[in-house]
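1. Could you look at this predicted model? Sequence included:
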Amino acid sequence: MTQYFSNIEGPQADGLACVLCGADFVKRKITSVAVGRNPEDDSSVRACKAPCAAALAADAERMAREMWTAAGLDNPEGPDGDVFGVDGHFGSLLRDLKTLAGTEALLTTSHDMVTIRFLLSLTARHAESAMMRARLVLAQAKDVDGADGGD
């Protein structure tokens with residue numbers, strides 16, 4: 001699920017500044033990562049790779065656990081913490097990859113510019129999502145078996 005950041009403007013809304021601390025990525029040459037979207041134009045918004053993105057991820061994880069607990073449901077990763085379960089990040093990663101494969105097939109046959117632009121925006125959105133989910137699964141796999149995630 002994509003997180004939308006409202007009440008942002010200027011460089012933060014354009015993805016040129018951190019949505020958490022406001023650091024200017026252009027002037028300070030800080031490494032940034034996409035962390036969500038601006039609801040006004042659905043553009044990507046970014047945060048400092050460290051420590052802001054980690055803080056946002058930890059906060060999102062905490063809120064997700066609280067919602068699962070409040071709903072009286074089991075852990076979304078499975079009762080035994082299965083990192084590769086289809087209901088968690090791994091399953092979402094697989095769905096993103098299927099969407100990317102489908103958009104590739106449609107892009108090779110489409111000639112209508114409106115359709116091509118739509119498919120390209122869909123590709124960009126799911127590629128970012130797949131990248132972030134793959135990193136989450138790698139980090140979770142590393143936590144489970146202690147092996148290096150290869151990142």
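-> Sure, I can see it.

2. separation between residue 110 and residue 36?
-> Noted for residue 110: a distance of 28 Å to residue 36, by CB to CB, to the nearest Å. Quick note: C-beta positions are derived from backbone N, CA and C, even for glycine.

3. mind listing what's buried in the helix or strand hosting residue 58?
-> Using DSSP states H and E, residue 58 maps to helix 52-70. For helix 52-70, burial by neighbour count (16 or more other CB atoms under 10 Å) applies to 52, 53, 56, 57.

4. Look at the closest residue to residue 21 other than its chain neighbours and report its pLDDT.
-> The shortest distance from residue 21 to any non-neighbouring residue, by CB to CB, 6 or more residues apart in numbering, is to residue 52 (5.5 Å). As predicted, residue 52 sits at a pLDDT of 87.

5. Just confirm residue 100 contacts residue 128, I think it does.
-> No: Residue 100 is not in contact with residue 128 according to CB atoms under 8 Å; the separation is 10.9 Å.

6. need the next SSE after the lowest-mean-pLDDT helix or strand in the chain, C-terminal direction.
-> One helix or strand of the chain scores below all others by mean pLDDT, DSSP states H and E: helix 52-70, with a mean of 80. Toward the C-terminal end, the helix or strand that comes next after helix 52-70 (DSSP H and E) is helix 89-109.

7. Okay, buried residues for that next one please.
-> Result for helix 89-109 [16+ other CB under 10 Å]: buried residues 89, 90, 91, 92, 93, 96, 99, 100, 103.
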